[in-house]
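Trainee: take a look and give me a structure for this.
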Amino acid sequence: MKKLLIYLKNYKLQCVLAPLFKMLEASFELIVPLVVAAIIDNGIKGENTDFVYSRVGILVLLAVVGMVAAISAQYFAAKAATGFATELRLSLFKKIQSFSYSEIDRAGTSSLINRLTTDVNQAQNGVNMVLRLFLRSPFIVAGAIVMALLIDARAGLIFLVVVLLLSAVVISIMKITVPKYKEIQKTLDSVTLLTRENLSGARVIRAFTNEEIEVKKFEEKNELLAHLQRVAGRISAIMNPATYVIINLGIVALIQYGAIRVNSAKLSQGEVVALYNYMSQILIELIKFANLIVTVTKGFASSYRLADVLEIENTLEHNNNDEIKNTHAVCFENVSLTYKGAGDESLKNISFYADRGEIIGVIGSTGSGKSSLVNLIAHYYDSTKGTVYVDGRDVKSYSTKELRSKIGFAEQKAVLFSGSVRDNLRWGKQNASDEEINEALKTAQIYDGIYKKDGLETEIEQGGANLSGGQKQRLSVARAIVKKPEIIILDDSASALDFATEKAMRNAILALDYNPTLFIVSQRCSSILNADRIIVLDDGECVGIGNNEELLSSCEVYREIYYSQFEKEGENEE
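Mentor: Sure, this is the predicted structure:
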C-alpha cells in the first residue's frame, strides 16, 4: 500500500482534514458521558430542572457540531479517495499501454482488467475507510480509557484488559484473512478469463455444441471462488461476535465493580453511567474498526496486486547505436526468437533482406513462425539472438514512436473500435484528411461498401460487430496504409477475402506511387506468387528463400504447399 500513497500527493490537505474533523467529532462524543453524569448527579439527583435543561442544550449543541464535523470529514475523505482512484487508474492504464507484448502475455488480459477495475475500487474503499475511521476509532478507544481512568483508576484497568483482548482478536483475524483475500482475487482473475474466452468464442463453442462442457468448467471455477469467499467471510464474521462477547463481559465486570463502589460511596451513580457509556462507545467503535479491518484487508490485498503491475517494466531492449550498418529497408542477421516461458525457439537463425519497394512473401504451415517473424520488424518482441535492421539501423536503436511511424501493420484478426469509419482510420494517421482516408479505402477495396452506407460517418459497433470478417480486414488494411508507411506488413490480413478481392487489393497496394516495401504473410500461395522473394518457414526454420519458380524447383516444403493448394483450388494465378 505504501507504494500507492504517491497517488494521494495532490490530496494532502484532504488527507489531513478528514481525520482531523473525525477526531473533532470524536472529542465531542467523549464529552457526552460526562454531561450525562452531571445531569444525573447534579440535576436529577438535586432536582435542579434548570441545570438539566442547560445540560440538555449542551448535548444538542454537541450533536449539531459533531454532525457538521462528520459531514466535513466524509466530504474530504470521499474527495481524497476518488481522486486517489482516478490517478491510480490513469497511471495503471498508462503503464499497461507501455507494456510490450511479452509483458501483456505474462500478466494476462483478464488479470489486468480485474486489477484496473475491481482492485482499484477495493483500494479506493480502503483509503476512504482509513481516512474516516482509522484514527477516529483508536482515538475514541484511547480517549474512553483515559476518561475512565480519570473517573476511577481501577475501573480503567477493566478497560485496558478489554482493549488488549480485542486487539489480539483483530490482529489474529487480519493475519489470516489478508492472504485469503489475495487468493480470492487470483481466482476471480481465472473466472474473468473463462468468461472473456466464452464471450469472445461464443460462436465456436456453439458450433461444436460445447455449451455444457463450458458451463461445467465455469461452474467449477465459480464454486471455487464462492468457497474461498465463504471461508474468508466466516473468518471475518468471527470478529463481531468475539467483539460483543468480550465487550459484554467487560460491561458485566464494570457494572459489578461499579455497584460495589457506589455502595461504598466511592463512585456516584452518574459516574457509573458515564463508565458504562464509555464502554459502549468502545464497543461501537471496535465494531466499526472490525468492519474497517475487513475493508482494509481487501484493500491491502488489492494494493499488492496493483503495485505488482506498476512494478512491471517494459523488457524491450533499446540502445543508442544509430550506426547505419547496411542499405536494406529490412534485414535479418542470424535472428532467433524464444518467447518467455517457452522451451523451444519459435524462430531459428533467420537471415534475409528486403530492399525499398520490394515485395516479400512469407509462407509456411500454421505455427511455423510467420507472425513471429514480422512482429520482430515492428519490435513487438526482442530477438533472443541476432539483429533486426530497419533502414540499416538496429530496431533497438529506434524510439517506439519513430520505428512504428515507418510501419503499417494489418493483422489477421482485425481489431476495430466503436466510432465512425473516419475515427478508426485516423488511428493510422491522426490528422488524416477525408481525401487521404478515401484513397486508403479505395486501395483496400472497401470504398464502395462504406459509401453505400453513411460514408465516413458510418458507425462501427464495438469490435466491428456490425461488419463481416472481410470488411473488418479491409478496414484494417486501410488503417495501416493511410499514413503511407515505408514498410507495409499484411499479416494474413486477407484470409477472409475471396481471391478476386484479394488480388484487386494487392494490385492497388503495389500501384502506390511512393513505392513501399511490402511484406505479405499468407498461407495462400496465390497471394505471394509475384513476390520478389518468398521466405518459406517450417517449424521456425527458414527452409527456402527465392521467387516462385526457384522455390518450386528447390524447396520441398514450398512445393508441397503449392501443389496441394492449386490442385484443390483448380487454379494457377500468375
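Trainee: all helices of the stretch 51-200 of the chain, in order?
Mentor: Along the stretch 51-200 of the chain, counting by DSSP state H, counting those that start in this stretch, helices occupy 101-107, 109-114, 120-129, 136-151, 153-200.
Trainee: now the stretch 351-500 of the chain, which segments are flagged as low pLDDT?
Mentor: Within the stretch 351-500 of the chain, not a single segment meets pLDDT under 70.
Trainee: still on that earlier bit, adding mean pLDDT and distance to Gly408, write the helices of the stretch 51-200 of the chain out as TSV.
Mentor: Where you see a C-beta, it was placed from the backbone N, CA and C, and this is true even at glycine. Shown next, in TSV, are these (pLDDT from 0 to 100; distance: least, C-beta to C-beta, whole Å):
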stretch	mean pLDDT	distance to Gly408
helix 101-107	80	18
helix 109-114	80	25
helix 120-129	89	35
helix 136-151	84	59
helix 153-200	80	26
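Trainee: deepest of those helices, which one?
Mentor: helix 120-129 (a mean of 23; mean count of other C-beta atoms under 10 Å).
Trainee: chain center to it: distance?
Mentor: 15 Å (C-alpha atoms, centre = their mean, to the nearest Å).
Trainee: now swap in stretch 119-133 and tell me
Mentor: Distance, centroid of stretch 119-133 to centroid of chain: 18 Å (C-alpha atoms, centre = their mean).
Trainee: next, format the helices of the stretch 51-200 of the chain as CSV and append distance to Thr295.
Mentor: Shown next, in CSV, are those (distance: least, C-beta to C-beta, whole Å):
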stretch, distance to Thr295
helix 101-107, 26
helix 109-114, 18
helix 120-129, 5
helix 136-151, 13
helix 153-200, 10
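Trainee: so which of those helices is nearest Leu512?
Mentor: helix 101-107 (28.2 Å; C-beta to C-beta).
Trainee: restricting to C-alpha, output that closest one in PDB.
Mentor: Provided in PDB are the C-alpha atoms of helix 101-107 (Å, rounded to 0.1, in the frame of the first residue of the first chain):
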ATOM      1  CA  TYR A 101       3.700  -7.900 -26.000                       C
ATOM      2  CA  SER A 102       5.800 -10.000 -23.600                       C
ATOM      3  CA  GLU A 103       4.500  -8.200 -20.500                       C
ATOM      4  CA  ILE A 104       0.900  -8.400 -21.700                       C
ATOM      5  CA  ASP A 105       1.300 -12.100 -22.400                       C
ATOM      6  CA  ARG A 106       2.800 -12.600 -18.900                       C
ATOM      7  CA  ALA A 107       0.300 -10.600 -16.900                       C
END
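Trainee: now for that helix, which elements pack on it?
Mentor: Judged by 3 or more C-beta pairs under 8 Å, 6 or more residues apart in numbering; DSSP states H and E, helix 101-107 is in contact with no other helix or strand.
Trainee: the helices of the stretch 51-200 of the chain: which one's closest to Ser433?
Mentor: helix 101-107 (31.9 Å).
Trainee: what's next to that closest one, contact-wise?
Mentor: 96, 99, 112, 309, 312, 314-316, 339-341, 375, 380-382 (C-beta atoms under 8 Å, 6 or more residues apart in numbering).
Trainee: below-threshold pLDDT in the stretch 1-150 of the chain: ranges please.
Mentor: Using pLDDT under 70, the stretch 1-150 of the chain drops low at 1-2.
Trainee: which SSE is the nearest residue to Leu552 once chain neighbours are set aside in?
Mentor: Closest residue to Leu552 apart from its sequence neighbours, by C-beta to C-beta, 6 or more residues apart in numbering: Arg559 at 5.7 Å. Assessed by DSSP states H and E, Arg559 sits inside helix 556-569.
Trainee: list the contacts of that helix.
Mentor: 363-365, 523-526, 534, 536, 538, 543-544, 548, 551-552, 572.
Trainee: likewise for stretch 245-257?
Mentor: Residues contacting stretch 245-257 (C-beta under 8 Å, 6+ apart): 154-155, 158-159, 161-162, 165-166, 169, 272, 275-276, 279-280, 282-283, 286.
Trainee: for that stretch, buried residues please.
Mentor: Buried residues in stretch 245-257, counted by 16 or more other C-beta atoms under 10 Å: Ile246, Ile247, Gly250, Ile251, Leu254, Tyr257.
Trainee: picking that back up, considering the contacts of helix 101-107, which is situated nearest to Leu135?
Mentor: So of the contacts of helix 101-107, ranked by how close each gets to Leu135 (C-beta to C-beta), first place is Val309, at 29.5 Å.
Trainee: my read: the closest one touches Ile96, true?
Mentor: Yes. With contacts counted by C-beta atoms under 8 Å, Val309 reaches Ile96, the gap being 7.3 Å.
Trainee: send me stretch 56-74 as PDB with only the CA atoms.
Mentor: In PDB, the C-alpha atoms belonging to stretch 56-74 read as follows (Å, rounded to 0.1, in the frame of the first residue of the first chain):
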ATOM      1  CA  VAL A  56     -29.500  19.000  27.600                       C
ATOM      2  CA  GLY A  57     -28.900  22.200  25.500                       C
ATOM      3  CA  ILE A  58     -25.200  21.400  25.600                       C
ATOM      4  CA  LEU A  59     -25.900  17.900  24.400                       C
ATOM      5  CA  VAL A  60     -27.900  19.200  21.400                       C
ATOM      6  CA  LEU A  61     -25.100  21.600  20.600                       C
ATOM      7  CA  LEU A  62     -22.500  18.800  20.800                       C
ATOM      8  CA  ALA A  63     -24.700  16.700  18.500                       C
ATOM      9  CA  VAL A  64     -25.000  19.500  15.900                       C
ATOM     10  CA  VAL A  65     -21.300  20.400  15.900                       C
ATOM     11  CA  GLY A  66     -20.400  16.700  15.700                       C
ATOM     12  CA  MET A  67     -22.700  16.200  12.700                       C
ATOM     13  CA  VAL A  68     -21.100  19.100  10.900                       C
ATOM     14  CA  ALA A  69     -17.700  17.700  11.700                       C
ATOM     15  CA  ALA A  70     -18.700  14.300  10.500                       C
ATOM     16  CA  ILE A  71     -20.200  15.600   7.200                       C
ATOM     17  CA  SER A  72     -17.000  17.600   6.600                       C
ATOM     18  CA  ALA A  73     -14.800  14.500   7.300                       C
ATOM     19  CA  GLN A  74     -16.900  12.400   4.900                       C
END
